[in-house]
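Engineer: Here is my input; please provide its structure:
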Amino acid sequence: MENDANSSSRIDRKLIERNRRNQMKALYSKLNSIVPHTNSRESTSLPDQLDEATNYIKRLQINLERMKERKDSLMGVERSTNTNTSAQKSPNIQIHEMGSSLVIGLTTASNSHFIFNETIRILHEEGAEIANANFSVVGDTIFHTIHLMVGESTADVYGAARVSERLKKFIQDADAYDK
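Structural biologist: Numbers count the residues shown, from 1 in each chain. Model prediction:
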């Protein structure tokens, strides 16, 4: 009788271990199927597959962190100061020159409407033709985008550079005045 119980117990353990191995094999196969492979023709050993999956996940984490930083920089957010304070945010301007056209990205606090108005006034004084202007509000920050053309005559070759410098000086002065 003890022999039968011992034999039954041993068979149960073997069956449990076989099921565990089959389950692990299925999980390894599933993991291996979602990781991109450089050598798809060669079969790789299990430790190599796990190492490849680990490296792939680490690369994804690094790429995700880079993308978060890029998103934050495009939105004008600094990750270390991601707290909601009532302190006045400094205006920020990014100007991209493309020949005689400009694309302006202006980031201001929601209570700084005069900065946008003054920017438009400066553009009109310089004779710029605004093709498109739009804005987005995120929390207490406003993101303005302005597409414009600066005169294309030969006398106005440096128009885009002049407008760009004038706007940058205005934003610097406005930021210094707020502080």
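Engineer: In the chain, which residue is most central in space?
Structural biologist: Taking CA atoms, centre = their mean, the centroid of the chain lies closest to Lys71, which sits 2.7 Å from it.
Engineer: Could you pull up the mean pLDDT of the strand or helix carrying it?
Structural biologist: Per DSSP states H and E, Lys71 falls inside helix 46-75. Averaged across helix 46-75, pLDDT comes to 86.
Engineer: buried stuff in it?
Structural biologist: For helix 46-75, a neighbour-count test (16 or more other CB atoms under 10 Å) marks Gln49, Glu52 as buried. Glycine gets a C-beta too; all of them are placed from N, C-alpha and C.
Engineer: now for it, which elements pack on it?
Structural biologist: For helix 46-75, the elements it packs on are helix 2-34, judged by 3 or more CB pairs under 8 Å, 6 or more residues apart in numbering; DSSP states H and E.
Engineer: what about this protein, any weak spots by pLDDT?
Structural biologist: 1-2, 38-42, 77-89, 151-158, 176-179 (pLDDT under 70).
Engineer: let's see 80
Structural biologist: Where the chain drops to pLDDT under 80, the residues are 1-6, 37-44, 75-90, 98-101, 112-113, 150-161, 174-179.
Engineer: one step back: ok and the helix holding Lys71 relative to helix 2-34, angle-wise?
Structural biologist: Interaxial angle, helix 46-75 versus helix 2-34 (axes from the mean of the first three to the mean of the last three CA atoms, to 10 degrees): 40 degrees.
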